[in-house]
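In: Here is the input, now give the coordinates:
(chains A and B)
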Amino acid sequence: MLGLRLLARDWRGGELGLLLAALTVAVTIVVSIALFVDRIQGAILAESSQFLAADRLLRSNTPIPAEWFALAEEEGLEHAHVMHFPTMAFAGDELQLVAVKAADSAYPLLGELEIRSSGSNGVTQKVKTGPPAGEVWVAPRLLPLLQLSVGDNLSIGEAELRISGLVLREPDAGFSVFSYGPRVLMNVADIPGSAIIQPGSRVQHNLLVTGDTSDLERWAQRMKDKLQAEQSILGVRESQPRLARSINRAERFLLLAGSMGVVLAGVAIAIASRRYTERHYDYVGILKSLGASSQTVLTMYLSHLLLLCLCGVVLGSALGWVLHGVAINSIRSLLLVELPPADIAAVWLGAVTAFISFFAFACPALLHLQKVAPMRVLRRDLGTPDFNSRLVLYLGIAGLLLLIYVYSGSVQITLFLTLGVGAIAALVLLMTWLLLRSAPKPGSRAAEPMRLAIAGIRRRAKHSALQVFVFTVVLLLVLTLLLARNSLLQEWRMQIPENTPNHFVLNIAPTDVQPLTELLDSAGYEHAGIYPMVRASLTAHNGSVPVRRRTEGEQNSSPEQAEDSQRNRTRQVQLTWAADLPADNELVEGEWWTADQPGLLSLEQEFAERYNIRLGDTITFTMIDASVDLKVSSIRQLDWERMRPNFFAIASPGSLQDFDAIYMTSFHLPDGDKAFLNSLIRTVPTVSIIEMDRMIEQVTRIIDQVSSAVELVLGLILLAAAIVLFASIQTSMDERMRESAILKTLGARLSLLRKTLFYEFFILGLLAGSLAAVGAELIIGLIQTRLLELSYEPHWWVFVLGPVLGAVSVVLLGLLISAGSLKTPPAQVLRELSA
Amino acid sequence: MISSHHLTKSVPSHEGVLHILRDVSFSIDKGESVAIVGASGSGKTTLLSLLAGLDTPSSGTVHLNGTEITALDEDQRAAVRADNVGFVFQSFQLLPSLTALENVMLPAELKRLENPTELAQHYLQRVGLADRVTHYPRQLSGGEQQRVAIARAFASHAPILFADEPTGNLDARTGAKVIDLLFELNQEQDRTLVLVTHEQRLADRCGRVIELSAGAVVADQSQIV
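Out: As a prediction, the model looks like this:
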């Protein structure tokens, strides 16, 4: 009870404010980031799942057995059946190749179809199911092609189906394999009547499922043994590797940022408890002289701090809740899906953080406090116990490891942060101490503020070093995060730059190349080059059968690679020829050919590695009955993240004249110019068009969401960093104020004191900022290459930003904190500090 | 009430072992008022700290109200202090975050006495600070702070009172008032008073003066007050 009363009195006396603030900030950061990340991740995943229109998708080239549907039902999953195939659609004398999607009434399981009931002035609505039997919904551009309007009939095989609407948007538009023509969406019940599917027809059957994660896992596990080689189960990550990688990186970034926030909060707690302890030495000395035992002192302070912890948890959770709400609201407009409800588990995480921080960072200081000798009441210098700095260090490191692990659940991030920050911290501490010790001896003009500042820093060398160390760690974390965020955003922006080609034109006959380029030029659409394509088999490598080995990165291959790995099993390769090195390709070995050098081959690096092909090797390609031997003259690296035609194998012009080639190209079609596709089809009727625009739009939107999330989390971390800086400067304030008061009594003017403090903070901040810039650049190199799997280039601007940020933030906060005390009469300052 | 036998205190220093106290022996009876005097560095404050059990000697023993405190550990000594000892310090040593009333209540609370509030109010009134109970130390003058410290020392109901240069931080007039108060209360309550001072005026008010020089007792005289 006495402990409680003392706590209440302590609180009134204003002693506990900073410690409570630090604890509250720790919990606020953890709770708000955890809640925010959790809900955003949920939303992003939900939106991403719409790419499949389901949580999982079973893809098969053969009809799906009825018992597989039953199995999904058994596991409590909702399911839908969708078939994709290309076919000719008729209307009177007109005919057109269309991409049919036949779906049952459960489709789409996730997301919505956007349809319009009649022509261009009809009402647009979002629906949760496809057309009923006997009706079809078609892409608007099909109508002019077949000279039809809504309400007319369309023949698909033997079935006559009424066009009852226009389909504007499908959730899984980006994931259709046979999108070589305008969409026709029909009901799967009409398939038997249409007699369109014959033995040998190319049909893709999809079984879509959705449900709880655990049910989905169980279902996938049970299905695993039943699948044939050509059948596979896909989640959003497998179906959209490019998007998955972006989300994955964002998740890692948010985890990293959150972990850094937790580290910052830990530092704040450690600093605040150290200050609290130091201010309580006298308190304990007096209590002991009055007869309090060490046990009483320990119990009292433990209960104080535990209570504080509880207050911190309650306050921090509430603040975190509010803050995450504000953050969510600010980006709600970007989200198309319903946000999942907030998970109370985040509050537990906050509580666990508070208690781990408390035991790791505040307890050592507390244990120290109970050792204060009662002699302190008579002789202050005798009453201060030696600080067991090793214990503090071990407990601190253990706490840090535990905190980051509890937060990130990732051993990799835990080790990265702890080792990285630890190693750099040790180095920084040593360098700071050396730098401060060897600082130039100031000049002799007594009242010169710079001289007083340097003298002050040198006099408190150990404390100054510690302070620079804390500043450095804070700035280091902020700069690292800033760098990581920049490279992430830059990478994402580069992935889908403006005017990314969003339509691919395939199967262009040689005679169609010229009319097509003329059409594109006249319409003003720039294309990404017209590439000839020859599909050939890789039949020999230096005269022997080529041997393929699995590469490490194959698990996470890009869509192009994934598709190609299938072909590689039969060693089918899309060959092209080109006179110039395509844009975005980079030569890593050998030389690009000059004109008139037939017989040469340039290979993509990973492809060459997969077959163990080196420069100078001879590769034999076969197509039907003709073969060609090509000599490898260069190895290229190319960026699979870019949406443009990419080829594993490029031959020099003139090498493939014995083979029949067809051509392909891609171009950017602005939103709303869809009608152009019809004139394209009329000009070159035999080509196939793949429309990627909806998919690109979806990817862009998700990346926008993720970017906003990253920015907001960065904002929270900056706030935490400012609070740690504040706490750290606050700890040194008593000593500085005492000195200022003494100088004032000796007649120093306020402006001199202000200037002295300014220089002192400036030097400390500048030093910390410079060290942090070096450290951050080192860490970001590691993070970018190892954790985010991005390429690394040095950021020279950090070496300017670091010192500036350090100097400005420390000076501003320092002067802000000292402003009040500087104006207080010196007698009062001295009395308050000695009271 | 208090006795010391062959008390010595030595500490290692740069120039070898420094002897702060050498073979100090004396005893103080219940109700006595004793001044320990001597020049700066003669070992007065060290002797006080050993007598009160705030520190441990290098050799020798101290008995406090029948208990050999030199044989006890830190916490056991604290328990003996709680029951037997009250303090008045040169630098007052009030807890800055507690009000005057709460500071005076503290020893009674530590001893779990009944009605600590009433007790504290009584002694604050006795030292003339009834209207200052809700003030914090920083809101009080030096003399007022020392009066709070005196109230705290008596409120503990401890039979022995140690005072370390109680007027050291006060001006002559305020110091004189504080001294009057201290002796008045001491007489009224029949406590044993041991005070360290280098002020002759203060030593003259005590029934006995023990003089230290270079860590040894050079004079031990009773005097009529």
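In: what's whichever strand or helix holds B:E102 packed up against?
Out: Following DSSP states H and E, one finds B:E102 within helix B:100-110. Using 3 or more CB pairs under 8 Å, 6 or more residues apart in numbering or on different chains; DSSP states H and E as the contact criterion, the elements in contact with helix B:100-110 are helix A:2-12, helix B:116-126, helix B:142-155. For every residue, glycine as well, the C-beta is placed using N, CA and C.
In: By mean pLDDT, show me the worst of the ones you listed.
Out: Within those, confidence is poorest for helix A:2-12, with a mean of 70 (mean pLDDT).
In: And the residue of the stretch 51-200 of chain A that's closest to chain B?
Out: Residue nearest to chain B within the stretch 51-200 of chain A (CB to the nearest CB): A:D55, separated by 58.1 Å.
In: can you pull the pLDDT of that residue?
Out: Looking at A:D55, its pLDDT is 85.
In: Quick check on it: phi, psi?
Out: Backbone geometry at A:D55, expressed as degrees, to the nearest 10, gives phi -80, psi -40.
In: how much space between it and A:L185?
Out: Using CB to CB, to the nearest Å, one gets 21 Å for the distance from A:D55 to A:L185.
In: CA atoms only: put the helix holding B:E102 into CSV for me.
Out: Taking only C-alpha atoms (Å, rounded to 0.1, in the frame of the first residue of the first chain), the coordinates of helix B:100-110 have been written out as CSV:
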residue,chain,number,x,y,z
ALA,B,100,5.8,18.6,3.5
LEU,B,101,3.1,16.4,5.1
GLU,B,102,4.0,13.4,3.1
ASN,B,103,7.7,13.8,3.9
VAL,B,104,6.9,13.8,7.6
MET,B,105,4.5,10.8,7.3
LEU,B,106,7.2,8.7,5.6
PRO,B,107,9.0,7.2,8.6
ALA,B,108,5.8,6.5,10.4
GLU,B,109,4.5,4.8,7.3
LEU,B,110,7.6,2.7,6.9
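In: what's the angle from that helix to helix B:142-155?
Out: Helix B:100-110 runs at 20 degrees relative to helix B:142-155, counting by axes from the mean of the first three to the mean of the last three CA atoms, to 10 degrees.
In: does A:D671 really touch A:D693, like I thought?
Out: Yes - with contact taken as CB atoms under 8 Å, A:D671 and A:D693 are classed as touching, separated by 7.1 Å.
In: Nearest spatial neighbour of the residue of the stretch 51-200 of chain A closest to chain B, chain-adjacent residues omitted?
Out: By the measure of CB to CB, 6 or more residues apart in numbering or on different chains, the closest residue to A:D55 outside its immediate chain neighbours is A:T210, 4.4 Å from it.
In: so what's that neighbour bridging to?
Out: On the basis of DSSP bridges, A:T210 takes part in beta bridges with A:E78.
In: which residues does whichever residue of the stretch 451-600 of chain A sits closest to chain B contact?
Out: For the stretch 451-600 of chain A, the nearest residue to chain B under the criterion CB to the nearest CB is A:K462, separated by 21.2 Å. Contacts here follow CB atoms under 8 Å, 6 or more residues apart in numbering or on different chains; on that basis A:K462 touches A:W433.
In: For it, which three-state class applies?
Out: helix (DSSP: H, G, I helix; E, B strand; the rest coil).
In: Also A:R682?
Out: When classified by three-state DSSP, A:R682 comes out as helix.
In: And A:I613, by the same measure?
Out: Counting by three-state DSSP, the backbone at A:I613 sits in coil.
In: shouldn't it be in contact with A:V632?
Out: Yes - with contact taken as CB under 8 Å, A:I613 and A:V632 are classed as touching, separated by 6.0 Å.
In: Overlap of the contact sets of these two?
Out: Taking CB under 8 Å, 6+ apart as the contact criterion, the residues that touch both A:I613 and A:V632 are A:L603, A:I619.
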